[in-house]
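In: When you get a sec, could you give me coordinates for this:
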Amino acid sequence: MEWLLDPHVWISFLTLTILEIVLGIDNIVFISIQSAKLPLEQQKKARQLGLILALVMRVGLLFSIKWVMGLTAPLVNFAEIFNITNEKIVPYLVLSGRDLILFIGGLFLIYKSTTEIHHKMEGHVEVANSKSKPITFTSVIIQILILDIVFSLDSVITAVGMVDQIGVMVAAVIVAVVIMLISAESISRFVNDYPSVKMLALAFLLLIGVSLTAEAFDQHIPKGYIYFAMAFSVLVEYLNIRSEKKALKQLEEQNQSK
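Out: You can find the predicted model right below:
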């Protein structure tokens, strides 16, 4: 237990907690968008259950570190299957278990985000088909669970690469998820109250899906670039919202003065 008194451990804990929160943003956005499809009385329950499942998934994977790290070993060699000998291409065609999970998860995220964007662009079609395709609580939770697996794997591998003590990893993950649980309601309300912000969130998920798919083939896109671009876009949209509210308020005051 001497490591508890080590300042480096506490620095690692704080760093990892912040990193876990940042990595969890895409998780919260996806959960917010999916839960918004449910009746109002079920939405909060879906968000909470989705994040609790994310916590269980992360902690479970942390206690299975040996198995998780084994996922980084080569599993499928497409170069051998398709008899490709080009040395420049071969390394990108050897996929591990982690690569396959990221690839499938990335494709799923691309599919879900593009489908949602299409529905938003063709809103009248979505309304017309709403009776023939009812959305159930179970189906939403299953979709959240699928992405929880992908995001949790990415999160745990990051944690393993940063910290040696499993206690620090578990503590950082728990604190991060608790903060996500507290902030999920506000983030969800903000995303769903403004259609333009929701479209930005879907675009963000699409970028994350592309990033995960590329990472499966060892093409690493720094997430910092994606997060910065989206943060800047949200800031600009927030300023637009404030500007529109102010303009409406001034218009109301002018009408009242007349």
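In: use CA for all of it now, contacts and neighbours both
Out: Fine.
In: for the lengthiest helix in the chain, packing partners?
Out: Criterion DSSP state H: the longest helix present in the chain is helix 223-257. Judged by 3 or more CA pairs under 8 Å, 6 or more residues apart in numbering; DSSP states H and E, the packing partners of helix 223-257 are helix 195-216.
In: Show me where the stretch 51-200 of the chain has its strands.
Out: 74-77, 94-96 (DSSP state E, counting those that start in this stretch).
In: Buried deepest among those, which one?
Out: Among these, strand 94-96 has the highest mean neighbour count (mean count of other CA atoms under 10 Å), at a mean of 20.
In: one step back: tell me which of the strands of the stretch 51-200 of the chain lies nearest to residue 17.
Out: strand 94-96 (27.1 Å; CA to CA).
In: Where does pLDDT dip in the stretch 1-150 of the chain?
Out: The model of the stretch 1-150 of the chain has pLDDT under 70 over residues 1-5, 66, 68-70, 123-134.
In: ok, 50 please
Out: Along the stretch 1-150 of the chain, the model assigns pLDDT under 50 to residues 124-132.
In: And the helices in the chain?
Out: Under DSSP H, the chain gives helices at 7-23, 25-35, 40-62, 65-70, 78-81, 97-121, 123-129, 137-162, 166-193, 195-216, 223-257.
In: mind giving me CSV with the strands of the stretch 51-200 of the chain and columns for distance to residue 188?
Out: Formatted as CSV, the strands of the stretch 51-200 of the chain follow (distance: least, CA to CA, whole Å):
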stretch, distance to residue 188
strand 74-77, 38
strand 94-96, 35
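In: out of these, nearest to residue 58?
Out: Per CA to CA, nearest to residue 58 of the strands of the stretch 51-200 of the chain: strand 94-96, 19.6 Å.
In: Name the residues that touch the closest one?
Out: If you take CA atoms under 8 Å, 6 or more residues apart in numbering as the criterion, strand 94-96 is touched by 71-79, 216-217.
In: Mind listing the strands it pairs with, and their directions?
Out: Using DSSP bridges, the strands paired with strand 94-96 are strand 74-77 (antiparallel).
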